[in-house]
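Return atomic coordinates for the entry below.
(one chain, ligands or ions: 1)
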Amino acid sequence: MAEPPKPGLEARMTAAKLIGAVIDRKTPLDGMLDATGGNPAYLKLTDADRGLVRAILNTTLRHLPRIEAILASLVSNPLPEGARALHHVLVVAAAQILYLDIPDHSAVDLAVEQANRDPRNRRFAGLVNAVLRRLSREKEGLLASVEQVSPMPDWFMKRLTAAYGAEEAAQIAAAQLVPAAIDLTVKSDPQGWAEKLGGHVLPTGSVRLNAFAGSIPELEGFEAGEWWVQDAAAAIPARLFGDISGQHIADLCSAPGGKTAQLAQAGARVTAVEQSKSRLKRLESNLARLKLSAESVEANLLDHRPDTLYDGVLLDAPCSSTGTTRRHPDVLWTKGPDDIVRLAALQEKLLRHALTLVKPGGKVVFCNCSLDPSEGEELIARVLADTPEVSLLPVPASYFPGLQAAINARGEIRTTPAMLTGDGEYPGGTDGFFAAVLQKSIETNH
Ligand SMILES: C[S@@+](CC[C@H](N)C(=O)[O-])C[C@H]1O[C@@H](n2cnc3c(N)ncnc32)[C@H](O)[C@@H]1O
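This next block holds a predicted model:
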């Protein structure tokens, strides 16, 4: 009879398998970790093991180039080309030893066990044991030896450096090593909620929790619908409309509804357009908890042509999401330069359509969570160049006191994960976001 697996083995095997899917087959983690449609091996695990797998995956992906550099320095002969399964076992074990609060001996034993159980890797079990034991013994020195290795893939580091310069690019790369803080958008009384929940009011008006471990739905105010989780940078675009009380605003690309909720809370009549049925359902249930309402429309926005033009439109377009790597460290391993080109073209098309949906004099707030100028500043410049009836409304430099660095010379918003550090007052960082406010001129035939 086969021996039952050692405790924790299934979790490590699943982590190694999913790391392989991310880095070899560019499969995003979100789908594989979905509580209903996710990877079967993951869904078979207990809740505690699922949490462990997520922690291992996020940590491995956050530090991958450094882990790989350390392993390469310990293996005298490079692993055979086809030994990808072995590579994944090693990186997952190394992530635990180097960065997680898991006993080293357990990470080593379970990696050796994994190698022994896989006929492709059995002959390498001795190597796995020797490499990981040495890694455990020499951990401090090895970590110091890779401090200069960027934690981001080369292709992305090159793009960041070209866009932001070497110094800022390095700061952004360092910021993505730190897991994101929890930010809340509150319906009212941010100071009161910051005091109740143990947090700080950020310059943008969001509340950042000082520390969080546990379950969001159990926090005070969740059930009553007094706030929702939304990164501070993601909460900026909806605030750029100014007073929208009584106006009809369309939130295009709206699910899961963080920005729809902000617009509704600001007193607008909101139409939320979204092409994904399941995501629209999530938006509806989020709004129900918050006791806010919006008309929801399931449609591809390119087919959406309302009878009456809107007073304003918010377009949070599908993008490369390279500003969200603190929460989604798989993004840089599942997307590449071609995706950025494709998504920039799609966003331009969506923006040009969105501009046809507002009344003369109406505002269009365009935003996304990409750090790449081709999806932000350059895209806006291209649209403005051949759309004379549309102009850029600059956001004043003092709009968010304490966050002037996020407003560029033209008055567009550009946040990066290296911003909102609070000088140690609260946990630092924010998502990378781009936002611009466009306005259609009064005299237009469009
Ligand atoms: C970045 S997310 C939006 C996040 C949302 N604005 C929020 O704050 O919660 C982009 C959304 O756009 C939707 N989407 C993508 N292309 C679309 C299209 N052509 N028409 C309508 N929705 C689209 C996606 O399904 C996804 O839900």
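
per-residue confidence at the residue in the stretch 51-200 of the chain positioned nearest to the ligand?
Residue of the stretch 51-200 of the chain nearest the ligand, by Cβ to the nearest ligand atom: Thr185 (10.1 Å). No exception for glycine: its C-beta is placed from N, CA and C like everyone else's. Model confidence at Thr185, given as pLDDT, is 98.

pretty sure it is in a strand, no?
Yes - assessed with DSSP: H, G, I helix; E, B strand; the rest coil, Thr185 lies in a strand.

Relative to Phe124, how far out is it?
As judged by Cβ to Cβ, to the nearest Å, Thr185 and Phe124 stand 50 Å apart.

Could you break this structure into its assigned domains?
9-145, 241-440 (automatic domain parsing).

So which of the ones you listed is the most surrounded?
Mean neighbour count (mean count of other Cβ atoms under 10 Å) peaks for domain 241-440 among the domains of the chain, with a mean of 19.

Contact distance from the ligand - what residues of the stretch 301-446 of the chain qualify?
301-302, 316, 318 (Cβ under 6 Å from any ligand atom).

ok, back up a step: if the residue of the stretch 51-200 of the chain closest to the ligand is in a bridge, with which residues?
Beta-bridge pairing of Thr185 under DSSP bridges involves Trp228.

what's the burial count for it?
25 (other Cβ atoms under 10 Å).

give the contact list for the closest residue to Tyr399 other than its chain neighbours.
Closest residue to Tyr399 apart from its sequence neighbours, by Cβ to Cβ, 6 or more residues apart in numbering: Ile407 at 6.6 Å. Contact analysis of Ile407 by Cβ atoms under 8 Å, 6 or more residues apart in numbering lists 395-397, 399-400, 413-414.

Kindly report the same for Gly376.
368, 370, 412, 414, 434, 436.

Touching, the fifth one and Arg414? I think so.
Yes - shown here, Phe434 and Arg414 form a contact pair, counting by Cβ atoms under 8 Å, at 5.7 Å.

which stretches of the stretch 251-400 of the chain have low pLDDT?
Applying pLDDT under 70 to the stretch 251-400 of the chain flags no residue at all.

how about Ile413, phi and psi?
Dihedral pair for Ile413: phi -90, psi 130, per degrees, to the nearest 10.

what is the residue nearest to it when sequence neighbours are not counted paired to in the beta sheet?
Leaving aside its sequence neighbours, Ile413 sits nearest to Ala435 (Cβ to Cβ, 6+ apart; 4.0 Å). Taking DSSP bridges, one obtains Cys367, Ile413 as the residues bridged to Ala435.

Report the contact partners of Ala435.
236-237, 240, 365-367, 395, 412-413.

Common neighbours of Phe434 and Arg414, please.
376-377.

Could you double-check that Gly432 lies in contact with Gly323?
Yes - counting by Cβ under 8 Å, Gly432 touches Gly323, with 2.4 Å between them.

tell me, what's touching these two both at once?
When Cβ under 8 Å, 6+ apart defines a contact, the residues bordering Gly432 and Gly323 alike are 233, 369-371, 415-417.
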